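1. got a structure for you, letters missing:
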């Protein structure tokens, strides 16, 4: 599954909310401000330009721009490091403050049904759209065989 497809399946409303919640401070702290500004094709990067760029971002995702989707997912997930840390700890995936080794073999941690277990454990504790984004992002990153995970009953 492409990362751009994950955003599209979550829907335009949740996507807009994600973009509006991006923290400029965290972008600077994690040294992603300039690189995201370039990736987003924005002359100026602030909350207002991000808000106005949501329709253009959605179009890029609809066109399958997966490089942009990857950059955007990283930026959005920075605002949810508490969720990321909690999920990784629950799954017992070795990490440092929500970051794991890029060459990690996660097969022993992502056993069958892991997505459902994570959803059941954390729905209600974290915003639903952010939880679904992270479950699917983690699958995209570490469990290439996993299908898109939707909210049960959806």
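-> Thanks, I have it. The shown structure was predicted, so the numbers you read here are calculated from the model rather than taken from an experiment. Numbers count the residues shown, from 1 in each chain.
2. count of neighbours near residue 2?
-> Neighbourhood size, residue 2 [other CB atoms under 10 Å]: 14. For the C-beta atoms, the positions are set from N, CA and C on the backbone; glycine is no exception.
3. What is the neighbour count of the closest residue to residue 42 other than its chain neighbours?
-> Among residues not flanking residue 42 along the chain, residue 49 sits closest, at 5.3 Å (CB to CB, 6 or more residues apart in numbering). Residue 49 has 13 neighbouring residues, counting by other CB under 10 Å.
4. Can you say which helix or strand has residue 49 in it?
-> For residue 49, the element it lies in under DSSP states H and E is helix 47-62.
5. List the buried residues of that helix.
-> Of all the residues in helix 47-62, those buried under the rule 16 or more other CB atoms under 10 Å are 50, 53, 54, 57, 58, 60, 61.
6. Helix 47-62 and the helix or strand following that helix, what's the angle between them?
-> Note on helix 47-62: by DSSP H and E, the next helix or strand toward the C-terminus is helix 66-78. Helix 66-78 and helix 47-62 are oriented at 130 degrees to each other (axes from the mean of the first three to the mean of the last three CA atoms, to 10 degrees).
7. Give the rounded mean pLDDT of helix 66-78.
-> Average pLDDT, helix 66-78: 94.
8. got the angle between the following helix or strand past that helix and helix 66-78?
-> Toward the C-terminus, helix 66-78 is succeeded by helix 81-90 as the next helix or strand (DSSP H and E). Helix 81-90 runs at 90 degrees relative to helix 66-78, counting by the same axes, to 10 degrees.
9. quick one: buried residues of helix 81-90?
-> 83, 84, 86, 87, 88.
10. Skip the chain neighbours and tell me the closest residue to the third one.
-> If I follow you right, that is residue 86. That would be residue 122: by CB to CB, 6+ apart, it lies 6.6 Å from residue 86.
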